[in-house]
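In: Coordinates for the following, if possible.
(chains A and B)
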Protein chains: 2
Amino acid sequence: MADHLLDDSLVHAFWDRDHPARLTIDSGDTVTFVCKDATDGQFTPASDASVYARYDRSRAHALTGPVAVVGAEPGDTLEVEILAFEHRGWGWTGFTPGGIGLLADEFPAPYLQHWELDGDVCRFRGSDEVAVPFEPFCGVMGVAPAEPGRLTTSPPRANAGNIDIRGLRAGATAFFPVLAPGALFSTGDCHAAQGDGEVCGTGIEAPMTVTLRFRLRKDLRVDELRFLTPSPLTRADSRGYMATTGHGPDLYANARTAVRSMVDWLQADHGLSREKAYVLCSVAADLKISEVVDAPNWIVSCYLPRSVLRR
Amino acid sequence: MADHLLDDSLVHAFWDRDHPARLTIDSGDTVTFVCKDATDGQFTPASDASVYARYDRSRAHALTGPVAVVGAEPGDTLEVEILAFEHRGWGWTGFTPGGIGLLADEFPAPYLQHWELDGDVCRFRGSDEVAVPFEPFCGVMGVAPAEPGRLTTSPPRANAGNIDIRGLRAGATAFFPVLAPGALFSTGDCHAAQGDGEVCGTGIEAPMTVTLRFRLRKDLRVDELRFLTPSPLTRADSRGYMATTGHGPDLYANARTAVRSMVDWLQADHGLSREKAYVLCSVAADLKISEVVDAPNWIVSCYLPRSVLRR
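Out: I've put the predicted structure just below:
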């Protein structure tokens, strides 16, 4: 039951089952990971939106690891208990044309929003327009893939990876399929807050320190990531929700409709700029599949907790 | 500010802007709708799964209405405040091969689950395996469509209709686009509980009495249904969640993966039959789009509140 520390002096921005472990632990051990932001520190508190023009995407996601677990073999399950997160007072959310946001084609200029992380609250830097609870998680948590070679970290895969699941916060326990000997777990891409969907393509991206406890489960087999997460799902659930909807035969298109309507509503009724409204949706609004059975049209709803708004 | 009562002696199972209003009200009035179950009473407490072989689908959804609002014109907004629901002690959830469930191809036999609705709790009839909070809403709420003719109520449309949004419960306020003179609002398909997704195709279907207050909004225009809904989102948020995930390029396929994993988990670890597990997902598990930006793979998660399980 040892406690280990893994600093951020060496990161990797790929998945590779042959990349050597930086640390080997026993089942039951705890590891504290010091994590850079996803860009490997290319985005800083001094950046403006012009950083996108210089940004080397091959350095993302900068991951801390891998950690090998003694005795782990393909077919086992790696249980990861998520214990604690520590921020460093700053984070950012941004998007750029041609980038990955759900409405990337509707925002023609790059945009960078800085955040102040003050204790348990995240605010736009220099503004009191919104107050989003600090509800951190690791955007990327994964094990080495089954297949050899270097794989990009962008999409989530069978090894989990860039899963961006806000439920994987302190108090949660996640179960990963082991796909390579030693499991070879890495993490990073910490988010101070993010809504279900991560609709502009980023959460509140932040360098952070993360503590996880690992257990090797020979008695359990999972085909795909599953997890347990505690109540309440969010501290923002205190003043109700604004919700918009999109109907139609394609869930992705419906999500776009619902988010566009929410951006419109925030702009018209709450005076946020269109860019800030989109950013707020990404860090605080949740996409829900309200129904997926009333053929041929499904409904996606976008719920924004009203407690994050000043007015 | 009159109070009206609309009984269930006359229902309609279609949308038609030329179908005559049963009641005409002023903005500010309240209407209590007595609603049959969605099948127009074809499913009863005495039914077994053989009811599916005799079931006349053209009688669904049996809707109470329409209600005309004086002065409503296309381009206006109909604000509907959702005040109260009253059940009659019974409901059902079911599915049939060739039907509308997300996993309809994986369940070869028709299945009908009766529920006892006891105050604020819903239980499988004659069993204490699960306890789901009574959190009712109208599966169908809609206005007359813009286009003439008779339209099926199955899919949600621009007029809203079969939206199956669990957030539209007591305390919520919904905003519908008015598409035809008078608005011509109807409702029905009441659900005693339903998770986001309604994955087996039905919630806890129940005859119910519903009270709504209507306001005509000339000052507001909405292109698609939106709503405000109160906190907390569910009373089931007390003992944390089990969650499963599906990753891949198609949100619909990911939803199937996540629900299938949840059914597996409930069967293996909680001893539910496969059919009861699927039913429980439909009435209590929520489908969330965890991320929809990490191309080419998105993540859908299925969250089941652990408080609904006996063990």
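In: need the contact list for the residue in the stretch 1-150 of chain A that chain B sits nearest to.
Out: Here the stretch 1-150 of chain A gets closest to chain B at one residue, A:I100, 4.6 Å apart by Cβ to the nearest Cβ. All C-beta spots, glycine's among them, are computed from the backbone N, C-alpha and C. Neighbouring residues of A:I100 by Cβ atoms under 8 Å, 6 or more residues apart in numbering or on different chains: A:201, B:293-295.
In: one more time with 7 Å
Out: Going by Cβ atoms under 7 Å, 6 or more residues apart in numbering or on different chains, A:I100 touches A:201, B:293, B:295.
In: Out of those, which is nearest to B:G248?
Out: For the contacts of A:I100, the closest approach to B:G248 (Cβ to Cβ) belongs to B:A295, at 11.6 Å.
In: I'd guess that closest one is in a helix, am I close?
Out: No: using DSSP: H, G, I helix; E, B strand; the rest coil, the assignment for B:A295 is coil, not a helix.
In: what residues are up against it?
Out: Neighbour list for B:A295: A:100, A:154-155 [criterion: Cβ under 7 Å, 6+ apart].
In: how about low-confidence regions in chain A?
Out: A:311 (pLDDT under 70).
In: Does whichever helix in it runs longest reach chain B?
Out: Criterion DSSP state H: the longest helix present in chain A is helix A:251-270. Yes: applying Cβ under 7 Å from any Cβ of the partner chain, one finds helix A:251-270 touching chain B at A:251-252, A:255, A:257, A:261, A:265.
In: Remind me what the helix or strand just after that helix packs against, helices and strands.
Out: The helix or strand immediately downstream of helix A:251-270 is helix A:274-284, counting by DSSP states H and E. Secondary-structure packing of helix A:274-284 (3 or more Cβ pairs under 7 Å, 6 or more residues apart in numbering or on different chains; DSSP states H and E): strand A:90-95, strand A:111-118, helix A:251-270, strand A:298-305.
In: can you do 6 Å?
Out: Contact partners of helix A:274-284 among helices and strands, from 3 or more Cβ pairs under 6 Å, 6 or more residues apart in numbering or on different chains; DSSP states H and E: helix A:251-270.
In: so what does the helix it packs on touch, helix or strand wise?
Out: Counting by 3+ Cβ pairs under 6 Å, 6+ apart, helix A:251-270 packs on strand A:241-248, helix A:274-284, strand A:298-305, helix B:251-270.
In: ranking those by burial, who's on top?
Out: Comparing the helices and strands packed on helix A:251-270 by mean neighbour count (mean count of other Cβ atoms under 10 Å in any protein chain shown), strand A:298-305 ranks first with a mean of 28.
In: any idea of the angle that one forms with helix B:251-270?
Out: Here strand A:298-305 runs at an angle of 80 degrees relative to helix B:251-270 (axes from the mean of the first three to the mean of the last three Cα atoms, to 10 degrees).
In: Strand A:241-248 and strand A:298-305, what's the angle between them?
Out: Calculated by the same axes, to 10 degrees, strand A:298-305 forms an angle of 160 degrees with strand A:241-248.
In: Each with direction, which strands does strand A:298-305 pair with?
Out: Strands that pair with strand A:298-305, judged by DSSP bridges, come out as strand A:241-248 (antiparallel), strand A:286-291 (antiparallel).
In: Other residues contacting the first one?
Out: Contact partners of strand A:241-248, identified using Cβ atoms under 6 Å, 6 or more residues apart in numbering or on different chains, comprise A:254, A:257-258, A:261-262, A:297, A:299-305, B:156, B:167, B:224-227, B:229.
In: Check the shortest one too.
Out: Contacting residues not belonging to strand A:286-291 are listed as A:195-197, A:255, A:299-303, B:164-165, B:196-198, B:287-289 [Cβ under 6 Å, 6+ apart].
In: I'd like to check the angle between that strand and helix A:274-284, please.
Out: Our comparison of strand A:286-291 with helix A:274-284, counting by the same axes, to 10 degrees, yields an angle of 70 degrees.
In: Need the CA coordinates for strand A:286-291. CSV is fine.
Out: The C-alpha trace of strand A:286-291 is given here as CSV (Å, rounded to 0.1, in the frame of the first residue of the first chain):
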residue,chain,number,x,y,z
ASP,A,286,-25.1,18.8,-19.9
LEU,A,287,-26.3,17.1,-23.1
LYS,A,288,-28.9,14.4,-22.3
ILE,A,289,-30.5,12.0,-24.7
SER,A,290,-34.2,12.6,-23.6
GLU,A,291,-35.6,9.9,-25.9
